[in-house]
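Enquirer: need a 3D model of the sequence below.
(one chain, ligands or ions: 1)
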Amino acid sequence: MAKGTHHVIIGIGIAGNRAAEILRERDPDCRITMITMSRLPFYNRYDLPKVFRGVRDWREILVDPPAHYDKSHITLRRDSRVTNVDGQRGTLTFAHNEEIGFDRVVVCTGGSGYLPEDLTDYRHLMNGFGTFEAAMTVHDLLPEGGRVVMLGGDMIGLDLARTLRETGYRVSLVVNDYTFWPHRVAAQRGKYLEALERLGIEVHQGAKLESVKEGPKGMPARCLVFEDGSELFGDVVMPFCGLVPSVEFMLGSGVDIERGLLVNPQLRTTNERIWAAGDVCQIWSAEENAYRFYYGWNNVRAMGEVAARNMTGEDEPFVSIGDEELYLDKSGHIDSPFWQHD
Ligand SMILES: Cc1cc2nc3c(=O)[nH]c(=O)nc-3n(C[C@H](O)[C@H](O)[C@H](O)COP(=O)(O)OP(=O)(O)OC[C@H]3O[C@@H](n4cnc5c(N)ncnc54)[C@H](O)[C@@H]3O)c2cc1C
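Expert: Numbers count the residues shown, from 1 in each chain. Modelled structure (predicted):
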């Protein structure tokens, strides 16, 4: 590597942090800049359900203290949203109009909760759970023993549902195509829904959701109306319908995009200076003859590692780690490789 090569990492989740570790290890003299649009440094989002177990301060789920970045000679740019990446010029632009240059960039911007078209009208009546602030808002809105209505119920939502049940809250799950995402359960769906019922989750399926509205005075804050005329009340309504990769800011970058950033198995985009890792990237699979996503802590971390190794001279493909199947454990409860992390 040329001395002082400037590596920029956009996103400070699992993929971005692993990439930074490897870059620093393999290229001690390089400049590393990490960028996040969040105000907070890297905290573990898998731990967000812990706000229902007494966590009140984001510092309790922090992965690395702010001093870690200084020690590793990493410039951390917080609260800074990237709005454009120019792969030809090797520059990126922030929302506040500043432009910085890079030799190589790895995009690790993850994804945000997907909201299906038929739910967008009710966005203002629903709550997300993707950040510490959002998790605290849900916590504060729920009265003791209150009810959360989950629409969909992907594996992120179901993880929260387990915690809510264990901490005395009620959960109603409105089943749709995204229930159990990213697992494809097909014929086994009934068996897994029964396992959720054993956890005390109320499962609603069949009637199509017609609308979401505010509950009348004296009733829970939200009311869901179904096409058969039935109603379901809850204190909070939360959509959990999988993730949509955060790629909008890459639209002018010149790299190929489908849903995610398209990368080869070595995690390089169609521009030789731009790499991607984590939930944002869609990786070419010769086996499936298609670009596809790989999820889970182990995979996301491995992608950060592979991208950084390849940015510093290797040429190794990403290989998915572990099983992708949902299963029932010995006590008949749902478990998933998606929930396993160090
Ligand atoms: C509550 C919760 C529970 C979860 N539980 C699980 C679980 O049990 N198992 C599992 O596998 N996954 C789980 N996930 C998903 C998991 O968090 C992601 O798969 C993982 O974090 C992806 O890591 P990443 O590094 O790709 O991106 P992310 O962790 O999503 O990080 C994205 C980073 O990019 C930054 N960013 C995005 N856009 C921009 C921009 N334009 N400019 C600057 N910065 C930007 C963000 O600020 C952030 O730092 C959970 C997620 C949540 C929210």
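Enquirer: I'd like to know how many residues surround the residue of the stretch 51-200 of the chain at minimum distance from the ligand.
Expert: Closest residue of the stretch 51-200 of the chain to the ligand, C-beta to the nearest ligand atom: G110 (2.0 Å). Where C-beta positions appear, they are placed from N, C-alpha and C, glycine not excepted. G110: 22 surrounding residues under other C-beta atoms under 10 Å.
Enquirer: most centrally placed residue in this protein?
Expert: G111 (4.9 Å; C-alpha atoms, centre = their mean).
Enquirer: surely that residue and V280 touch.
Expert: Yes. If you go by C-beta atoms under 8 Å, G111 and V280 touch, sitting 6.5 Å apart.
Enquirer: please identify every residue contacting each of those two.
Expert: Jointly contacting G111 and V280 under the rule C-beta atoms under 8 Å, 6 or more residues apart in numbering are 245-246, 260.
Enquirer: just put those in TSV and tack on pLDDT, neighbour count and secondary structure.
Expert: Listed next are the shared contacts of G111 and V280 as TSV, based on pLDDT from 0 to 100; neighbours: other C-beta atoms under 10 Å; DSSP: H, G, I helix; E, B strand; the rest coil:
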residue	pLDDT	neighbour count	secondary structure
P245	98	24	strand
S246	98	22	coil
G260	98	25	coil
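Enquirer: for the residues you listed, which one is nearest the ligand?
Expert: Nearest to the ligand among these, with distances taken as C-beta to the nearest ligand atom, is S246, at 4.3 Å.
Enquirer: what sits against that closest one?
Expert: 109-112, 280.
Enquirer: ok, the residues you listed vs E314, which is closest?
Expert: V280 (20.9 Å; C-beta to C-beta).
Enquirer: list the contacts of that closest one.
Expert: Here V280 is in contact with 11, 15, 107-111, 245-247, 260-261 (C-beta under 8 Å, 6+ apart).
Enquirer: thinking again about what came up before, residues contacting the residue nearest to the centre of the chain?
Expert: By C-beta under 8 Å, 6+ apart, the neighbours of G111 are 243-246, 260, 279-280.
Enquirer: and if you look at L196?
Expert: Taking C-beta under 8 Å, 6+ apart as the test, what L196 contacts is 153, 158, 161, 173, 203, 334.
Enquirer: out of those residues, which are inside helices?
Expert: 158, 161 (DSSP state H).
Enquirer: show me which of the shared contacts of G111 and V280 is closest to M37.
Expert: S246 (9.2 Å).
Enquirer: the closest one and V280: what is the separation?
Expert: Going from S246 to V280 by C-beta to C-beta, to the nearest Å gives 6 Å.
Enquirer: same deal with H96?
Expert: H96 is 22 Å from V280, by C-beta to C-beta.
Enquirer: in terms of contact, does D159 touch K50 like I think?
Expert: No. D159 lies out of contact with K50 (C-beta under 8 Å); the separation is 11.0 Å.
Enquirer: just flag the most distant two among the contacts of V280.
Expert: Maximum distance among those (C-beta to C-beta): 14.2 Å, for A15 and V247.
Enquirer: quick one, which of these two is more surrounded?
Expert: Comparing A15 with V247 by other C-beta under 10 Å, the one with more neighbours is A15, at 32 against 21.
Enquirer: find the nearest non-adjacent residue to the more buried one, please.
Expert: G278 (3.0 Å; C-beta to C-beta, 6 or more residues apart in numbering).
Enquirer: look up how far the ligand lies from the one you found.
Expert: 2 Å (C-beta to the nearest ligand atom, to the nearest Å).
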